[in-house]
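*Asks:* any chance you can model this:
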Amino acid sequence: MMASLFSSFDPSTSFSMSLNWLSSFIGLVLIPSAFWIIPPRGLFFWNKILSTLHKEFKILMASSKMNGSTILFVSLFSFILFNNFLGLFPYIFTSTSHLSLTLALALPLWLSFMIYGWINNTVHMLAHLVPQGTPPALMPFMVCIETISNVIRPGTLAVRLTANMIAGHLLLTLLGNTGNSLSIYLVNLLIITQLALLTLESAVSIIQAYVFAVLSTLYSSEVS
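*Replies:* You can find the predicted model right below:
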C-alpha cells in the first residue's frame, strides 16, 4: 500500500534518462512567443510581479557590489513557481518534490556564496562566526554552532521545499484514493475538500517559491 502510495513521486528511471524531468522545461517552449505576440494582460500582471520582486530583493541585498544579482533570484523564483504549479495538474511529474532537483538549486548557490565570501571578505565571514556581545568563554561553542548552521543551509533550503510539496500532494492522493468506497454524499464532500486543498496547495506553491528565493537572497547579502 505504501509503495503504491509513494509511487507517484518516483521518477521511475534514472535522472539522466527519465522523460518525467522534461516537465521542468515546458515553460521554455512558451517563452519565444512572448517576444513577437502582442503581450496579453496576464503578461503585464506577471511583469508587475517580477518588478516588485526585483525591488524587494534589491532592498534585502542592500549592497552595490551585487548589482544584477536580483535577476538571478527573480529567475529562481519564477522557475520554482512554474514547477510547483505544474505539479498540481493531473498526471504531471512534480520535479520540485525531489531532493535531486532542490539540492541542485540550493547547493551551487550556497557554494558560490561561500567561495565568494571567503575569498573577497574573509574578515567579514570570520566575524559572522562570533555574534556581537558573545562572552569570551562561549566563543568556541558559538563558532561551532554558527559553522554547523551555515553548513546545513543548503539542506534546509532543499528539504523545506521538497517536504512542503510532498505533504500536500500526498494528502490529495490519500483523499482521492478513498473516493471509490464512499457514498454519493460523501463524494460531494470529498470533492469540496479536494478543491479547498488544491487552493491551499496553490498558495503553498507561491509561498515556498518566495521563501526559497528570499532565503537565497539573505544568504547572499551576508557574504557581501
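*Asks:* helix or strand with the lowest mean pLDDT in this protein?
*Replies:* helix 2-5 (a mean of 57; mean pLDDT, DSSP states H and E).
*Asks:* list the helices and strands the helix or strand just after that one packs on?
*Replies:* For helix 2-5, the following helix or strand on the C-terminal side (DSSP states H and E) is helix 26-30. Counting contacts by 3 or more C-beta pairs under 8 Å, 6 or more residues apart in numbering; DSSP states H and E, helix 26-30 packs against helix 69-86. Yep, even glycine has a C-beta here, placed from its N, CA and C like the rest.
*Asks:* residue 103 against residue 156, yeah?
*Replies:* No: under the criterion of C-beta atoms under 8 Å, residue 103 makes no contact with residue 156, lying 11.1 Å away.
*Asks:* more crowded one of those two?
*Replies:* Taking other C-beta atoms under 10 Å, residue 103 and residue 156 do not tie; residue 103 has more neighbours (18 against 12).
*Asks:* distance of residue 190 from residue 108?
*Replies:* 42 Å (C-beta to C-beta, to the nearest Å).
*Asks:* and residue 62, what does it touch?
*Replies:* residue 221 (C-beta atoms under 8 Å, 6 or more residues apart in numbering).
*Asks:* pLDDT value on it, please?
*Replies:* Here, the pLDDT recorded for residue 62 equals 70.
*Asks:* and if you look at residue 112?
*Replies:* 90.
*Asks:* name the element it belongs to?
*Replies:* Residue 112 is located in helix 99-120, with elements delineated by DSSP H and E.
*Asks:* now do that helix against helix 69-86, angle only.
*Replies:* 170 degrees (axes from the mean of the first three to the mean of the last three C-alpha atoms, to 10 degrees).
*Asks:* contacts for helix 99-120 next, please.
*Replies:* For helix 99-120, contacts defined as C-beta under 8 Å, 6+ apart pick out 15, 21, 24, 76, 79-80, 83, 95-96, 124-125, 150, 153-155, 157-159, 161-162, 212, 216, 219-220, 222-224.
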